[in-house]
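J.: return atomic coordinates for the entry below.
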Amino acid sequence: MEAANLRLEMTPTRAVGRLEEDLGLSTVELAAALGISARTLERWRAGETHPQREARVRLAALVALDRRLYDTFDTPEAIRSWLRAGSPYLGGLTPVEVLRAGRPDRVEAALEALDSGVFV
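T.: Numbering: from 1, shown residues only. As a prediction, the model looks like this:
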């Protein structure tokens, strides 16, 4: 999924809430995944500020990943479990660790590998 073509189709406040709820990410984890401070994330949540171009693209990429996770897994619990389990595809790191490093593309690739049966 090419980041330049992603659009955020909901308010940033709603996107942040959905990601925290669906993925079980803490404020610190989500902020790290977005490459912003926890304070900036709090300001988005409160509607005080809005993400600028780069951050908006990263937020849209995480929302797209969230949708993709629901295509693969049946329940939020299954998603959260997969996100917190070490992945052979990710060199033993958890998908959450890779997200915190700002690499949703790698998590997307690991999910694609899982779906194709490469790393079960």
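J.: so the most centrally placed residue in the chain: helix, strand or coil?
T.: Nearest to the mean C-alpha position of the chain, by C-alpha atoms, centre = their mean, lies Leu62 at 3.6 Å. Here Leu62 is recorded as helix under DSSP: H, G, I helix; E, B strand; the rest coil.
J.: that one against Leu34, yeah?
T.: Yes. If you go by C-beta atoms under 8 Å, Leu62 and Leu34 touch, sitting 7.1 Å apart. In this view, the C-beta of every residue, glycine as well, is placed from N, C-alpha and C.
J.: now do the contacts for the closest residue in space to Leu34 that isn't next to it in sequence.
T.: Residue nearest to Leu34 in three dimensions, not counting chain neighbours: Arg58, with 5.0 Å by C-beta to C-beta, 6 or more residues apart in numbering. If you count contacts by C-beta atoms under 8 Å, 6 or more residues apart in numbering, Arg58 has them with Ala3, Ala33, Leu34, Gly35, Pro51, Gly102, Pro104.
J.: now the helices for this protein?
T.: 12-23, 27-34, 38-45, 53-72, 76-83, 95-100, 104-116 (DSSP state H).
J.: find the one among the ones you listed with the highest mean neighbour count.
T.: helix 95-100 (a mean of 22; mean count of other C-beta atoms under 10 Å).
J.: lovely, talk soon.
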